[in-house]
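J.: Quick one: sequence and predicted model below, then my questions.
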Amino acid sequence: MGFLEGLDFLGECKSKNLLDMHLMICIVAHVVADLDFAQMQNVFHPGFKTANIMYEPDSDTVKITDFGIARITNPSKTETDMVLGIPSCMSLEQLAGKKADGRTDLFSLGLMLYQLLSGALRFKANFMASLMFKIGNEVAADVRSACADIPGDLANVINKAPPRNVGQRFRSGTDYASAAKDFLKSRS
């Protein structure tokens, strides 16, 4: 195992310590490309969270860590025996023990991007059962409700990642990355 320098994003989720929006979107574009590659290999990362993103500013290197619990998806089987992950970053299908795939990681990334840009969790609850209920039954809050200065076109990208209905999410990391890059181009 190699040594990674840099920082994980856990510390960048607090409202007083947020990274620059443009830098964050550039980093997320790297992460989405990696998740898309994994998705093309039928792999998803059920424990995906902010602490799994490592960024080294000097070399502009981004790495996703903790693939030790990654799952290989099999389109002919549904695995319902195990729930893995961080509840505040999990999709409805993960919480319900239903079939999950790469779109699950994009859901988690959408929740994390919301937190990284606003400093707040998209779904909040004091108890696990309450959190699971909210993820399963509430419409995800628009990111502009927590961070009013986020441009509308970026808010649309962030808000498309976590719908409860899998079919309403980005189909792949490529689609997600393309939307993020379109936002960056429009701001250049």
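T.: Good, I have the coordinates.

J.: and residue 88, what does it touch?
T.: Residue 88 sits next to 111, 121, 123-124, 131 when contact means Cβ atoms under 8 Å, 6 or more residues apart in numbering. Placement of C-beta: from N, CA and C, glycine included.

J.: Give me the secondary structure label for it.
T.: Following DSSP: H, G, I helix; E, B strand; the rest coil, the label given to residue 88 is helix.

J.: And the pLDDT at it?
T.: The predicted local confidence for residue 88 comes out at a pLDDT of 73.

J.: cool, and residue 149?
T.: In this model, residue 149 carries a pLDDT of 85.

J.: Next secondary structure element downstream of the helix or strand bottoming out on mean pLDDT in the chain?
T.: Of all the helices and strands that make up the chain, the one with the lowest confidence by mean pLDDT, DSSP states H and E is strand 71-72; it has a mean of 54. Read in the C-terminal direction, the helix or strand following strand 71-72 is helix 92-95, with elements assigned using DSSP states H and E.

J.: So which bits of that next one are buried?
T.: Going by neighbour count (16 or more other Cβ atoms under 10 Å), the buried part of helix 92-95 is 92-95.

J.: Looking at the contacts of residue 88, spot the one nearest residue 54.
T.: Distance from residue 54 was checked for each of those by Cβ to Cβ. The minimum falls on residue 111, at 18.6 Å.

J.: Shouldn't the closest one be within a helix?
T.: Yes. Under three-state DSSP, residue 111 sits within a helix.

J.: can I assume it is in contact with residue 120?
T.: No. Counting by Cβ atoms under 8 Å, residue 111 stays clear of residue 120, with 10.9 Å between them.

J.: which intervals of the chain have sub-threshold pLDDT?
T.: Per-residue confidence for the chain (pLDDT under 70) gives these ranges: 1-2, 6-15, 46-47, 67-86, 162-163, 188.

J.: and if we set it to 50?
T.: Within the chain, the stretches falling below the threshold (pLDDT under 50) are 75-84.

J.: Which stretches in it count as strands?
T.: Remark: strands of the chain, listed N- to C-terminal, are 7-8, 43-44, 53-56, 61-64, 71-72; assignment by DSSP state E.

J.: would you list the ones you listed in a markdown table and tack on distance to residue 152 and mean neighbour count?
T.: Compiled in a markdown table, the strands of the chain are given as follows (distance: least, Cβ to Cβ, whole Å; neighbours: other Cβ atoms under 10 Å):
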| stretch | distance to residue 152 | mean neighbour count |
| --- | --- | --- |
| strand 7-8 | 30 | 15 |
| strand 43-44 | 30 | 20 |
| strand 53-56 | 25 | 19 |
| strand 61-64 | 26 | 16 |
| strand 71-72 | 35 | 14 |
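
J.: Ok, which of the ones you listed comes nearest residue 20?
T.: Counting by Cβ to Cβ, and looking across all of the strands of the chain, nearest comes strand 53-56 at 12.1 Å.

J.: What backbone torsions are found at the closest residue to residue 104 other than its chain neighbours?
T.: On the basis of Cβ to Cβ, 6 or more residues apart in numbering, the spatially nearest residue to residue 104 that is not a chain neighbour turns out to be residue 91, at 4.7 Å. Its backbone dihedrals place residue 91 at phi -80, psi 170, with angles given as degrees, to the nearest 10.
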